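> Structure for the following, please:
(chains A and B)
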Amino acid sequence: MKNRGATILAIIGAALLILPLVVHDTFVLRVLTEGVMWIGLAIAFDVIAGYTGYLNFGHGAFFGIGAYTIGILMMQAHLPFWAALPAGGVAAGIVALIAGIPTLRLKGAYFAIATWALSRAIQQLALNMEMTGGPDGMRLEAFLNPQFFYYLMLITVGATFAILWYLLERAPFGLKLKAIREDEEGAKALGLNPTKLKMQSFILSALPTGILGGIYAYWITFIDPSSTLGDLVSDQAVVMVVFGGMGTLFGPALGAILIFAFKTIFWAYLSDFQLLYLIILGALIAISVIFIPNGLWGTLVKRKAGATRPEQKAEPASEPAALSAVAAPEEGN
Amino acid sequence: MMELLPQALTDGILLGGIYITIAIAFSLTYGVMHVIDFAVGEWIMFGAFTGYYLNKWTGLDPFLFLPVIFVLYFGVGYVIQPVIHRVLSGTKGNPFLMGLVFTFGLAIMFRGLALTAFGFYSNSIPSAFSEGSFNLEPLGLTVTIPTVRLVGLAYALGITLILHYLLKKTNFGLGVRALAQHKDAAGLMGVNSKRTGSYVYGIYVGISAMTGVLLGCILSIGAQMGNEYTIFAFFVVVLAGMGYLAGVPWAALLLGLVQSIFMIYFNPSHTLLAVFAILYIILLISPRGLFGKGV
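Predicted coordinates:
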């Protein structure tokens, strides 16, 4: 089983590596690049959300911070891209540290609120600052080489995946995080320092997100507060991870692929109905939570979690009533 | 600029009074269900739009609709709560996380629905009270008090008193307080956590929707207003201390003051940043709220 998994992974990796040699269509390459980026964003989000059990509803803030850091360093400090790129990750990590100090000592509800509010506040900041160009956004010098960005994205996400795989699935660090998720008091009693570990996992989640944001900024060459700091980035990360399966690395990756494929098709054919996409995202979160709380990966592949459920009391009456109620406010108006 | 200060303080207190209602109901829901409802701003927004359209169709004053809106949204909340309850009492995955994610998903969906139905425009609800205002001249300073804000404050005080009575003097309130203290023990003592939860959630949704109408009369309404009020509700609840109801009025008044001071003296679009800065400092220094009595 393990070997088969490794073989499949190697085949997928090799296929992704040689793909640009076969496919010359810029549009396809562009879609693939963004898809790979979303896999990276989803697995980075899952470090703090799935493994540690602390929901970060402002994941997009780190993406935007990375993008803006690189934009500012390249356009205003005239640094080369390679010098600016690590700074994007470091900036995101520092913001995670600052935001984590007061909130990670507390219960998860505070953290979820605070990160969400933080992402809104950072968006306001970007809208009001001169350095960021305000609502007009910021233009970076164009470097038009789709292959370069595809490989850069692929290598960054691949490296992130490998590092996270080692840290979370092979090293004791992952077990420690899971211990905090399952029982924080118990973890403390075993001699772990939950606040420090949560901090580490939050920074570990923010760092790659900031770097991906930086690559995105240089690739797209135009960033503004709504595209990089808007709620869509955070919302999509939540959908991908919840739908794909929290607390694993493959679940979020699967979720990212499926949701991103859906988004691409939706955008291509139904671009006039962008608000419908928002509704579908929200509905998908709610439906996943009710029907597949372990996500696709947890439900289809890792079935062992279901065995612990003692008795399942079905409530057939409440569901249709509730679903019609969800639609009711719209009709009520 | 100093002559504007009494006006700013008055506006702030009048506005803060209204936030009390939202924050008490929000805090109550958290106490009973132990989950934060991310859709709080969206309920306010839906209520505001319901008031707006009812006013447009019937031409009657929006204040007359408040009971109708309460009953309507009480019903909506009452039927939605069992789903949240089901998510929270599930054994698969992490129920607490799932509850948070669920309300987050609801909030996204509601925002999408509202933007589809109402567009991106911003409006305000006309009311007979909207135009009137009167001046007070304490200590030689002129302070203008818009009637609509005063009525709003009276409404807020009324709701707060009713909730206080419900919580402290009735059996239902006793059950709610017991659930907030210890869910399992309350269940053993015969409190029906499911039904009580549905009532509390219904009351909370109803109050939020009603308050939305008031905020629509005083400030403005728009499909994207929900975000701001969700942050405000969090701000008040965190400042008061999560689940500590007695701290809510003071935190709400403080929020009103911050908002009105930023509106008059600074850039109004920096209000959110100020709110976040205060939130950060409070969480850093006294994570259990201004009074240190939260959970």
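> Spatially, and excluding backbone neighbours, which residue is closest to residue 266.
Unless you meant another one, I'm taking chain A. Nearest-residue entry for A:F266: A:Y277, 5.6 Å, with adjacent residues in sequence omitted and distances by C-beta to C-beta, 6 or more residues apart in numbering or on different chains. No exception for glycine: its C-beta is placed from N, CA and C like everyone else's.
> wrong one, chain B
B:A274 (7.8 Å).
> Run a quick neighbour tally on residue 204.
In the absence of a named chain, chain A is used. Neighbours of A:L204 under the rule other C-beta atoms under 10 Å in any protein chain shown: 23.
> not what I meant, chain B
Neighbour count for B:Y204, taken as other C-beta under 10 Å: 27.
> before we move on, back to that, phi, psi of the residue nearest to A:F266?
Torsion angles at A:Y277 (phi, psi; degrees, to the nearest 10) stand at phi -60, psi -40.
> Surely it is in contact with A:I265?
No. Here A:Y277 does not reach A:I265: they are 10.8 Å apart, not a contact under C-beta atoms under 8 Å.
> what about the strands in the chain?
Picked chain A for this. Assigned by DSSP state E, chain A shows strands spanning A:138-139, A:222-223.
> please go with chain B instead
Taking DSSP E to define them, one finds strands in chain B at B:122-123, B:133-136, B:143-146, B:221-222.
> Would you single out the least confident of those strands?
Across those, strand B:133-136 has the smallest mean pLDDT, namely a mean of 73.
> What pairs with that strand, parallel or antiparallel?
strand B:143-146 (antiparallel) (DSSP bridges).
> Pull out the buried residues from the strand it pairs with.
Within strand B:143-146, the residues scored as buried using 16 or more other C-beta atoms under 10 Å in any protein chain shown are B:V143, B:I145, B:P146.
> So in the chain, where's the weakest helix or strand by average pLDDT?
Defaulting to chain A. Scoring the helices and strands of chain A by mean pLDDT, DSSP states H and E places helix A:318-332 at the bottom, with a mean of 39.
> that's the other chain; I wanted chain B
When the helices and strands of chain B are scored by mean pLDDT, DSSP H and E, strand B:133-136 comes last with a mean of 73.
> Next, the buried residues of that strand.
Residues of strand B:133-136 classed as buried by neighbour count (16+ other C-beta under 10 Å): none.
> Quick check: closest non-adjacent residue to B:V237.
For B:V237, ignoring the flanking residues on the chain, the nearest one in space by C-beta to C-beta, 6+ apart is B:S27 at 5.2 Å.
> so what's the one you found up against?
B:V237, B:A240, B:M242, B:G243, B:Y244, B:L245, B:V248 (C-beta atoms under 8 Å, 6 or more residues apart in numbering or on different chains).
> before we move on, what about A:A217?
By C-beta under 8 Å, 6+ apart, A:A217 lies in contact with A:G66, A:A67, A:Y68, A:I70, A:G71, A:G88, A:L140, A:I223, A:T228.
> pretty sure the last one contacts A:A67?
Yes. The pair A:T228 / A:A67 is scored as a contact, 4.4 Å apart, by C-beta under 8 Å.
> State the distance from the residue nearest to B:V213 when sequence neighbours are not counted to B:M210.
With sequence-adjacent residues excluded and distances taken as C-beta to C-beta, 6+ apart, B:V213 is closest to B:G51, at 3.4 Å. For B:G51, the distance to B:M210 equals 8 Å [C-beta to C-beta, to the nearest Å].
> which residues do those two both contact?
Joint contacts of B:G51 and B:M210 (C-beta under 8 Å, 6+ apart) are B:I69.
> Neighbour count for those two, which is higher?
B:M210 (31 against 28).
> Report the contact partners of the residue lying closest to B:Y155 once chain neighbours are set aside.
Nearest in space to B:Y155, with sequence neighbours left out and distances taken as C-beta to C-beta, 6+ apart, is B:L214 at 6.3 Å. B:L214 makes contacts with B:I18, B:G152, B:Y155, as judged by C-beta under 8 Å, 6+ apart.
> ok, now which ones touch the second one?
In other words, B:G152. Shown in contact with B:G152 (C-beta under 8 Å, 6+ apart): B:L14, B:G17, B:I18, B:L214, B:C217, B:I218.
> Go through the contacts of B:S27 and give me the one with the most neighbours.
Highest neighbour count within the contacts of B:S27: B:V237, with 29 neighbours (other C-beta under 10 Å).
> tell me the contacts of it?
B:V237 is in contact with B:A23, B:F26, B:S27, B:Y30, B:V248, B:A251, counting by C-beta under 8 Å, 6+ apart.
> ok, so of those residues, who is nearest chain A?
Distance to chain A across the contacts of B:V237 (C-beta to the nearest C-beta) is lowest for B:Y30, with 7.8 Å.
> ok, how many other residues are close to the closest one?
Using other C-beta under 10 Å, B:Y30 has 20 neighbouring residues.
> So which of the strands of chain A is nearest A:V22?
Judged by C-beta to C-beta, the one of the strands of chain A that comes nearest to A:V22 is strand A:222-223, at 29.3 Å.
> Starting from that closest one, tell me which strands it pairs with and how they run.
Strand A:222-223 is paired, per DSSP bridges, with strand A:138-139 (antiparallel).
> and the contacts of A:A217, which of them are in helices?
Taking DSSP state H, the ones among the contacts of A:A217 that sit in helices are A:G66, A:A67, A:Y68, A:I70, A:G71, A:G88, A:T228.
> Closest one of the residues you listed to chain B?
Lowest distance from chain B to the ones in helices among the contacts of A:A217 (C-beta to the nearest C-beta) belongs to A:Y68, with 16.0 Å.
> what's the closest non-adjacent residue to that closest one?
Excluding its sequence neighbours, the residue lying closest to A:Y68 (C-beta to C-beta, 6+ apart) is A:T132, at 5.8 Å.
> Tell me which residues touch that neighbour, please.
Contacts of A:T132 by C-beta under 8 Å, 6+ apart are A:Y68, A:G71, A:I72, A:L125, A:A126, A:M138, A:P225.
> Could I get the phi/psi values of it?
A:T132 adopts backbone torsions of phi -90, psi 0, taken as degrees, to the nearest 10.
> Let me know the pLDDT of it.
pLDDT for A:T132: 83.
> repeat for A:G214
At A:G214, pLDDT is 93.
> So it versus A:M37, what's the distance?
Per C-beta to C-beta, A:G214 is found 11 Å from A:M37.
> Ok, A:I12 next?
Going from A:I12 to A:M37 by C-beta to C-beta gives 16 Å.
> Compare neighbour counts for those two and give me the winner.
Comparing A:I12 with A:M37 by other C-beta under 10 Å, the one with more neighbours is A:M37, at 23 against 11.
> show me the contacts for the more buried one.
Counted by C-beta under 8 Å, 6+ apart, A:M37 has contacts A:M153, A:V157, A:L212, A:I215, A:Y216.
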